[in-house]
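Participant: Dropping the sequence and predicted coords here.
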Amino acid sequence: MRIRILGSGAGGGFPQWNCNCANCRAVRAGAPGFAPRTQSSLAVSADGANWVLLNASPDLREQIAAAAELAPAEGDPVRASPIKAVALTNGDVDHVAGLLNLREAQPFSVYAAGRVLEALAANPIFTILQTQLVPRIELHMDQTTPIKGDGVDLGLSIRAFPVPGKIALYLEDKNAPNFGTTAGDTLGLEVIETRTGKSFFYIPGCAKIDAPLAERLRNAALVFFDGTLFHENEMIEQGLMGKTGSRMGHINMSGDDGSMAAFGPLNVARKIYVHINNSNPALDSNSQQHAAVRAAGWEIGADGMEVTL
């Protein structure tokens, strides 16, 4: 199974178009230790020929152009794509807007939780993806769903499960508890190769690691996990936004309540942070924070990074 990180940044990418924080200034200037990142997405294939995308970021066109595997092959018909399916972890703009890049009457399947499919159906802009060409398939919690698209069985299955998180910002109900968030608004995905049974986890958004999630991830071979913030208040302290990580539905990397500490006893063989916000000091590979992440056994995901499982 081949896994390619198409984008490792959080919403807005790195540098963010309107951000003048220290990190964004440094990456624009080409400072040592900084690398640009597009918005969060993975591509997965069991055979190297047919691919499923995990989330579809607004930067998808750029990401496809940077990955030869995702372009039509020389002998393909005049209209063709190796992208056969897209699986969504939530309804966030930075995870669904890229679907509009796939609007050229090309067959593929979209897999998502029921509430996310309802949000797509309610927005008329997504009708450009004709349902007879782009079927929507619901991911039911803790059920294994075979991934198919354009008449192809990809040799992969996905088991979706709810993780602590928050409903997409544009769907928030300010008058409802937890802004109207319900189970399934934020998903983790276990991607399973049919032939070998090998699997990995993709969790680009997560508010905390509770006991059920910890047990699910224990002894995993590979986890791609939410690396949005290094600490809870960094957006506030940098004057970027008046919200904590918790308010945004993202766990911090550091601290007793952070992901590095939570993963410590779980014996996960390989851990890679993705969905990393432009404010995160760990983006500087020469920083103390980056060194702390590496010392805890984590990797900082980068665009174009490939993993074979």
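Facilitator: Structure received. Residues are numbered from 1 along each chain as shown.

Participant: And the strands in the stretch 201-309 of the chain, which stretches?
Facilitator: Secondary structure of the stretch 201-309 of the chain by DSSP state E, counting those that start in this stretch: the strands cover 223-226, 271-274, 298-300, 306-308.

Participant: packing partners for the second one?
Facilitator: Strand 271-274 sits against strand 223-226, strand 298-300, with contacts defined as 3 or more Cβ pairs under 8 Å, 6 or more residues apart in numbering; DSSP states H and E. C-beta: built from backbone N, CA, C; applies to glycine.

Participant: one step back: what would the strands of the stretch 201-309 of the chain look like in a markdown table with mean pLDDT, distance to Ile158 and mean neighbour count?
Facilitator: Output for the strands of the stretch 201-309 of the chain, formatted as a markdown table (pLDDT from 0 to 100; distance: least, Cβ to Cβ, whole Å; neighbours: other Cβ atoms under 10 Å):
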| stretch | mean pLDDT | distance to Ile158 | mean neighbour count |
| --- | --- | --- | --- |
| strand 223-226 | 98 | 14 | 26 |
| strand 271-274 | 98 | 17 | 24 |
| strand 298-300 | 98 | 23 | 21 |
| strand 306-308 | 98 | 17 | 12 |
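
Participant: Including distance to Pro77, could those go into CSV?
Facilitator: Formatted as CSV, the strands of the stretch 201-309 of the chain follow (distance: least, Cβ to Cβ, whole Å):
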stretch, distance to Pro77
strand 223-226, 33
strand 271-274, 33
strand 298-300, 39
strand 306-308, 27
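
Participant: Nearest to Cys24, out of these?
Facilitator: Minimum separation from Cys24 across the strands of the stretch 201-309 of the chain (Cβ to Cβ) falls at strand 298-300, 16.7 Å.

Participant: The closest one - contacts with which helices or strands?
Facilitator: By 3+ Cβ pairs under 8 Å, 6+ apart, strand 298-300 packs against strand 271-274, helix 288-295.

Participant: To Met235, which of these lies closest?
Facilitator: helix 288-295 (15.0 Å).
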